[in-house]
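>>> got a structure for you, letters missing:
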Ligand SMILES: Nc1nc(=O)c2c([nH]1)NC[C@@H]1CN(c3ccc(C(=O)N[C@@H](CCC(=O)O)C(=O)O)cc3)CN21
Ligand SMILES: CC(C)C(=O)C(=O)O
Ligand SMILES: [Mg+2]
């Protein structure tokens, strides 16, 4: 039994047949990408939802800094601290069985390789298997520093919400030839630096495909088109409980379902069979 696996929960609903039946690792993700099977990722912030998502076959649980908005009610992700992420990561880790656990390093937590390392160690010790950081070429040294020290890295490019005040809002990125070229170069750079995974947010679908085709590591899209290696959504958006304005890439999977478990299962099957994202969710 792999180190991250736990004994079965005797109180778990019997109906939920696990899709993933062993611990998801970086190797699993490469295998899925290689086989052309779409990777499923959802944000998750507590043990109960972690257990349910895991039983529904979600391969990656992301402790997103979006928790500052959906859990804490802030208007951006900037107030989130490393302690907040570590607390929620520990909760998710206690609930998950097979899923890979990825945690965001929040705003201000990775300005230098050394601070990134200290903060990444804290969230890895809380139970993460990989950390995620927002940025491209400027992070190359940090990604190399972390991966040399046994910390797998997911990069996040396109719309990077921690840069909201620099971007001037939550806007689609890579729409001009020039910005698309910079983004493509950033993606190659973070892969060369050692990133294992890449989240692409709010970019044109054609660019999402071009980037995915140019890389060997899996890409996970959120508003980045259907041709990424996988998809991610914020769980509150999937369940239709986030009160804010809905981004174009959001789909309420509770529509037509009578349980949260059924909504997670519908998300997994629609990502796997390519029904989600549909053109109306894409840029
Ligand atoms: N509930 C929730 N869902 C998220 O996806 C999310 C968060 N919170 N918090 C952190 C960031 C913020 N995100 C956002 C927020 C809004 C848009 C949005 O409304 N985008 C416009 C694009 C407009 C344009 O440039 O054309 C859209 O219409 O989708 C996108 C990403 C993604 N993340
Ligand atoms: C939207 C996802 C990718 C994220 O970074 C978050 O939830 O914080
Ligand atoms: Mg985030």
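On my side now, so go ahead. All figures in this text were calculated on a predicted structure; none of them were measured in a lab. Numbering: from 1, shown residues only. Ligands and ions are numbered 1, 2, ... in the order given.
>>> Leaving out the residues flanking it, which one is nearest to residue 187?
Excluding the flanking residues, the one nearest residue 187 by CB to CB, 6 or more residues apart in numbering is residue 211, at 5.0 Å. The way it works is simple: take the backbone N, C-alpha and C, and place the C-beta from them, glycine included.
>>> Run a quick neighbour tally on that neighbour.
Using other CB atoms under 10 Å, residue 211 is surrounded by 27 other residues.
>>> Now do the same for it: helix, strand or coil?
Secondary structure, DSSP: H, G, I helix; E, B strand; the rest coil: residue 211 is helix.
>>> ok, now residue 220?
Assignment for residue 220 (three-state DSSP): strand.
>>> Specify the beta-bridge partners of it.
Beta-bridge pairing of residue 220 under DSSP bridges involves residue 199, residue 230.
>>> And it, how far from ligand 2?
Distance, residue 220 to ligand 2, using CB to the nearest ligand atom, to the nearest Å: 8 Å.
>>> now swap in residue 132 and tell me
Counting by CB to the nearest ligand atom, the gap from residue 132 to ligand 2 is 7 Å.
>>> so when I look at that residue, I'm seeing a strand, right?
Yes - Residue 132: assigned to a strand according to three-state DSSP.
>>> Give me the neighbour count for it.
24.
>>> cool, and the one 5 residues further on?
As a burial measure, the neighbour count of residue 137 was computed by other CB under 10 Å and equals 14.
>>> And for the one 5 residues further on?
Here the count is done by other CB under 10 Å, and residue 142 has 25 residues near it.
>>> How about residue 96: what's its closest non-neighbour residue?
The nearest residue in space to residue 96 (CB to CB, 6+ apart) is residue 50, at 4.4 Å.
>>> Kindly apply the preceding question to residue 128 instead.
In space, residue 128 is closest to residue 103, 3.9 Å off (CB to CB, 6+ apart).
>>> so that neighbour sits in a strand?
Yes - counting by three-state DSSP, one finds residue 103 located in a strand.
>>> How much space separates it from residue 159?
Distance check for residue 103 against residue 159: by CB to CB, to the nearest Å, it reads 19 Å.
>>> what about those two, which has more around it?
Legend: neighbour count by other CB under 10 Å for residue 103 and residue 159, higher for residue 103 (31 against 25).
>>> got the contact list for that one?
Residues in contact with residue 103 (CB atoms under 8 Å, 6 or more residues apart in numbering) are 62-63, 85-86, 89, 123, 126, 128, 130-132.
>>> Please repeat the previous calculation with a cut-off of 7 Å.
Applying CB atoms under 7 Å, 6 or more residues apart in numbering to residue 103 gives the contacts 63, 85, 89, 123, 128, 131-132.
>>> got a list of what the residue lying closest to residue 210 once chain neighbours are set aside touches?
In this structure, residue 210 finds its nearest non-sequential neighbour in residue 184, 6.9 Å apart by CB to CB, 6+ apart. Neighbour list for residue 184: 210-211, 214 [criterion: CB under 7 Å, 6+ apart].
>>> Skipping adjacent residues, who's closest to residue 267 in space?
Per CB to CB, 6+ apart, closest to residue 267 is residue 253, 4.9 Å.
>>> Does that neighbour lie in a helix or a strand, and which?
For residue 253, there is no helix or strand it lies in under DSSP states H and E.
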